[in-house]
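Undergrad: Give me a model of this one.
(4 chains)
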2 protein chains.
Amino acid sequence: MVDDEPDVLDLVTYNLVLAGFQTETAVDGAEALRKARSITPDLILLDLMLPEMDGLEVCKLLRRDTKTSSIPIIMLTARASEIDRIVGLELGATDYVPKPFSPRELVLRVKRRLEQNTATQAKTCHAFGPLQVDVSRHLVTVKNKRIELTATEFKLLTLLIQRAGHVQSRDQLLRDVWEYETHIDTRTVDTHMRRLREKLGPAARYLDTVRGVGYRFLAALN
Amino acid sequence: MVDDEPDVLDLVTYNLVLAGFQTETAVDGAEALRKARSITPDLILLDLMLPEMDGLEVCKLLRRDTKTSSIPIIMLTARASEIDRIVGLELGATDYVPKPFSPRELVLRVKRRLEQNTATQAKTCHAFGPLQVDVSRHLVTVKNKRIELTATEFKLLTLLIQRAGHVQSRDQLLRDVWEYETHIDTRTVDTHMRRLREKLGPAARYLDTVRGVGYRFLAALN
DNA sequence: CCCTTTTGTCACCTATTTGTCACGTCCCCG
DNA sequence: CGGGGACGTGACAAATAGGTGACAAAAGGG
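TA: Predicted coordinates:
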C-alpha cells in the first residue's frame, strides 16, 4: 500500500489486515520501489498523487524491472478524468479505484485480483499414467473415461496430489480437506479413501496407505 | 503505416511484413483517414510530422469516427518533448515511439499491442450447438429463436461461457456477476440459474451443476 | 404515480452426500 | 503362532445441497 496520507494508509491497512492479508506500507514512490523490489508483494495498491514522483511514474518503473513487472497494480485516484488518463496511457495498472472508496470494496477488489491471479497461475492439470485431474474444471478421468467424484472426494484427491509423495496424517487431512470441523471421526477419512479407490478403479494404486501414519499419493509407481 | 518519408515507410513495412504482418501504407493524413475507414486495420502506425495535416489531427479525427475510434494508434515522433505534448493532449494514442527507433523494437511494440488487444477484446460471439450468444449485441438465440434475458441472467450466462469448462463457485459468481454486493444470499445464484435454464429450454443442458462446488458451462457435451 | 418487470428471499422437498458404527481382515510384533 | 491394533468394508441414518414454487421488494417505464 502506497499513499502519502497517513489516514488513508491506516484505514486501508487496517481493513486489509482484518481480511487476513499481510500488508506493507510506503509513503512515497522511492520507498515503494525499494520495498517492491525487496519483498516482491503479490499486489500493489498505489495512490496516483504522491510527492515528488507520482503514481504513474512509479507504475512505469515497476513495470520496467523484471522483478516487479508482473505484480498486479491497483491505482487509487481522486477524479474520474484521471482514470481516463491512466487508461489511455495503459501503463500497466491492472485496476483503478476512484476515491473516495469504501474500504470494503477495496478489500473485495484486492481479493478478487489475487484469486484471479492464483486461479490462472496455479497448475490445475495433473496426469499420472491413466489418471488425469483438472482442478479448475473439476474433472477426473481414468483411461480417458470420466469419473464422477463428490466435492469431498475431489478435494481429498487433489490435496493428496498437491502433496504427492508426502504422507498426510488423518488429522492433517481432516484439517485441510474438512477445514476445522475437528469433531469429525478420523475413521471418516478411511471411508472416503475407500470411496475414492472404488471410483478410481485401476488408478487406485496411486493411493497408498502408510500403516500407522496416514495416506499419500504415489506420483511414481515402482 | 503512415509516414511521408519513403525511406522510413519502406524500412518499417519491410520489417513488419518480415514479422508476418499484413501492411498498408499512406503518405499523408487524408490518405490515412480514407484507408483506415475502408479497411479498418488492426493497428495504425502514425508519424507525428505529416504534410498539411499533422499526426495529432489525424489521431483526433480517427477517434471521432466510430468506425475507427477503437483502433489502437502508435505514434512515431522525433523528440521527447513532443511525447509530452501528446500525453498532455490526451488524444487517444495508445503508445508512442520516439525517433529514431530500431525496427526490431517497433515490431515488438506492434506485436505486444495486438496481443493485448485480442486478449482483452476476446471473442464476443459464441455458438454451441443450437445456442448462440452475441455478447456485444446482447443477443441470445436457441435454434435461431431469440431468447429474452434480463441483464443479470445475461451477465451470468456470458460469464459462465467466458470461463467455459471451469467450475465457478457461488461466491465467485456473486463477486463477478453481482459485483461487490456480498450481502446477497448465495441461493440467489441458484434462482437465477433456474431462470436461465427455463428460458434456454433445450440449451439448458450446457449449464452444469457441480454439486458442492458451483456451476459451470459445458462447451462440449458428452 | 401506477403498473410491469426484474430481482432477491424463503420454505419445502428430494436425491445425494456424508459421517458413523460394527464387523472382518490383514499385518506387525512379540 | 497368536493377539492386538490398524485398516478395509458394508450398511445405514443424518445432514446437506440444490431444484422448485411462491412472494414481496426494488427498479424501470409510461
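Undergrad: residues from chain A in reach of DNA strand C?
TA: A:148, A:150-153, A:178, A:181, A:183-185, A:187-188, A:191-192, A:195, A:211 (C-beta under 7 Å from any atom of the strand). In short, each C-beta sits where N, CA and C put it, glycine included.
Undergrad: so which of those also contact chain B?
TA: Filtering the residues of chain A next to DNA strand C for proximity to chain B by C-beta under 8 Å from any C-beta of the partner chain leaves A:150, A:151, A:152.
Undergrad: Tell me the helices and strands packed up against the helix or strand harbouring the last one.
TA: Assigning secondary structure by DSSP states H and E places residue A:152 in helix A:151-162. For helix A:151-162, the elements it packs on are strand A:131-134, helix A:187-200, strand A:214-217, judged by 3 or more C-beta pairs under 8 Å, 6 or more residues apart in numbering or on different chains; DSSP states H and E.
Undergrad: Measure how that helix sits relative to helix A:187-200, angle-wise.
TA: If you take axes from the mean of the first three to the mean of the last three C-alpha atoms, to 10 degrees, helix A:151-162 sits at 90 degrees to helix A:187-200.
Undergrad: touching DNA strand D at all, the helix or strand just after helix A:151-162?
TA: Next in sequence after helix A:151-162, counting helices and strands by DSSP H and E, comes strand A:168-169. No: against DNA strand D, strand A:168-169 shows no contacts by C-beta under 7 Å from any atom of the strand, the least distance being 9.2 Å.
Undergrad: who touches strand A:168-169?
TA: A:159, A:160, A:176, A:213, A:214, A:215, A:216 (C-beta atoms under 8 Å, 6 or more residues apart in numbering or on different chains).
Undergrad: tell me the contacts of the residue lying closest to the second one once chain neighbours are set aside?
TA: To tie it back to what came earlier, the one meant is residue A:160. Spatial nearest neighbour of residue A:160, excluding adjacent residues (C-beta to C-beta, 6 or more residues apart in numbering or on different chains): residue A:217 at 3.9 Å. Residue A:217 is in contact with A:157, A:160, A:161, A:163, A:164, A:165, A:206, A:207, A:208, counting by C-beta under 8 Å, 6+ apart.
Undergrad: do residue A:160 as well
TA: Per C-beta under 8 Å, 6+ apart, neighbours of residue A:160: A:168, A:207, A:215, A:216, A:217.
Undergrad: Ok, residue A:19 next?
TA: Residue A:19 sits in contact with A:107, A:110, A:111, where contact means C-beta under 8 Å, 6+ apart.
Undergrad: Repeat that for residue A:52.
TA: A:28, A:29, A:30.
Undergrad: Go through the residues you listed and flag which are in helices.
TA: A:29, A:30 (DSSP state H).
Undergrad: Buried only: go through the contacts of residue A:52 for me.
TA: If you count burial by 16 or more other C-beta atoms under 10 Å in any protein chain shown, the buried members of those come out as A:28, A:29.
Undergrad: Which of the contacts of residue A:160 sits closest to residue A:45?
TA: residue A:168 (36.4 Å; C-beta to C-beta).
Undergrad: Next, work out how far apart residue A:94 and residue A:218 are.
TA: Residue A:94 sits 40 Å away from residue A:218, going by C-beta to C-beta, to the nearest Å.
Undergrad: near DNA strand D, which residues of chain A?
TA: Looking at DNA strand D, the residues of chain A close enough under C-beta under 7 Å from any atom of the strand are A:187, A:190, A:191, A:193, A:194, A:197, A:209, A:210, A:211, A:212, A:213, A:214.
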